[in-house]
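Peer 1: The following block contains a protein sequence and its predicted model.
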Amino acid sequence: MNIEPSKKLSKHPIKIAVVEDSDDEFSLILYMLNKFFAEASQPVEIKHYSDALVFLQEYQRDTEIILLDIQLGEDNGIDIAKRIREVDEDVIIIFCTKLAQYAVTGYQVNALDFIVKPFTYEYFSFRLKRALDALDKKNKSSNLMIKTKSGIKKLGLDDILYLDVFGHSLGFHTTSGTLYSWGSLAKYELELNKNGFFRCSNSSLVNSSHIDTIKGKEIVLDNGEILNISRPRHKSFMISLSRWAGITGK
């Protein structure tokens, strides 16, 4: 698959998890989500979990918004949120509940909002718009602190083109030059995957927002640099990239 410049990788699907044990309630939420994102012309990827423990077991850190029912059979949504916060401090959590008094408790887990059932589409879409505004603000302000020989340096994620292994160091190639630091590429891969950074080879991690074109096993960045996709990484890299960009096809 070739990704041409006209399919610039910038508008990735918003990844939403809906944790709701009522099929009827989920059907309503799904309808409203699809309506909202269709009107916004924004790709969305929705996963439904009717079992809270399965959700915890399968949780992926690239999830961006969680719509979490508070009353989940024998499980409590507040407790589920506390466990999520142990592994992910940044994901946006919105509680869905019939009990408005839970709102105060929700701030203990840094919940962005509450949607009180039953709700109209206008009410739901207003709350979802707030979540997307918060997500956009968070993404724009995303920074990475790295340790260099000259001291601690703050890098904006949008400014990073790619990371690669350089001897016993890591090279952070940015729009304004290259900085060298220490650490594991695998560690940064885990941390940056949800921001669209994907491993194209054992030694390179590329920022998808700076990819201009992919032809065969070559990645052309928007500054003209070329990175190679290794044979063992090719399939997983292209799948990850396609999901992120909302591109289908083989």
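Peer 2: Everything's here; your move. Numbering: from 1, shown residues only.

Peer 1: Quick one: residues in contact with stretch 55-64.
Peer 2: 14-17, 19, 49, 80, 83-84, 87-88, 91-92, 135, 190, 193-194 (C-beta atoms under 8 Å, 6 or more residues apart in numbering). The C-beta positions use only the backbone N, C-alpha and C, and glycine is treated the same way.

Peer 1: now do 10 Å
Peer 2: 12-19, 44-45, 47-49, 51, 66, 68, 72, 75, 80, 83-84, 87-88, 90-92, 131-132, 135, 138-139, 190-191, 193-196, 240, 243-244 (C-beta atoms under 10 Å, 6 or more residues apart in numbering).

Peer 1: how about the helices of the protein, start to end?
Peer 2: Ranges of helices within the chain are 23-39, 52-58, 77-87, 103-106, 121-140, 185-192, 231-245, based on DSSP state H.

Peer 1: what's the closest non-adjacent residue to D23?
Peer 2: Distances taken as C-beta to C-beta, 6 or more residues apart in numbering place S50 nearest to D23, at 7.6 Å, with adjacent residues excluded.

Peer 1: give me the number of residues near the one you found?
Peer 2: The tally of other residues near S50 (other C-beta atoms under 10 Å) stands at 16.

Peer 1: pLDDT wise, what is the residue lying farthest from the centre of the chain at?
Peer 2: Among the C-alpha atoms of the chain, the one most distant from their mean position (C-alpha atoms, centre = their mean) is that of S150, at 31.6 Å. Looking at S150, its pLDDT stands at 86.

Peer 1: how near is Q42 to V19?
Peer 2: Applying C-beta to C-beta, to the nearest Å, the value for Q42 to V19 is 22 Å.

Peer 1: Please apply the same query to K137.
Peer 2: K137 is 24 Å from V19, by C-beta to C-beta.

Peer 1: ok, these two, which is more surrounded?
Peer 2: Each of K137 and V19 has its neighbours counted (other C-beta under 10 Å); V19 has more, 29 against 10.

Peer 1: Return the member of the helices of the chain having the minimum mean pLDDT.
Peer 2: helix 103-106 (a mean of 58).

Peer 1: So what's the gap between stretch 172-182 and the chain middle?
Peer 2: Averaging C-alpha coordinates over stretch 172-182 and over its chain gives two centres that are 23 Å apart (C-alpha atoms, centre = their mean, to the nearest Å).

Peer 1: got the end-to-end distance for it?
Peer 2: Counting by C-alpha to C-alpha, to the nearest Å, you get 10 Å between the two ends of stretch 172-182.

Peer 1: Run a quick neighbour tally on S176.
Peer 2: Neighbour tally, S176, other C-beta under 10 Å: 8.

Peer 1: follow-up on the earlier one: give me the buried entries from the contacts of stretch 55-64.
Peer 2: With burial judged by 16 or more other C-beta atoms under 10 Å, the buried subset of those is 12-19, 44-45, 48-49, 66, 68, 72, 75, 80, 84, 88, 91-92, 131-132, 135, 193-196, 240, 243-244.

Peer 1: In strands, which of the residues you listed appear?
Peer 2: Of the positions in the buried ones among the contacts of stretch 55-64, 14-19, 44-45, 48-49, 66, 68, 72, 75, 92 sit in strands, assigned by DSSP state E.

Peer 1: what's the domain layout of the protein?
Peer 2: As given by automatic domain parsing, the domain ranges for the chain are 13-140, 144-245.
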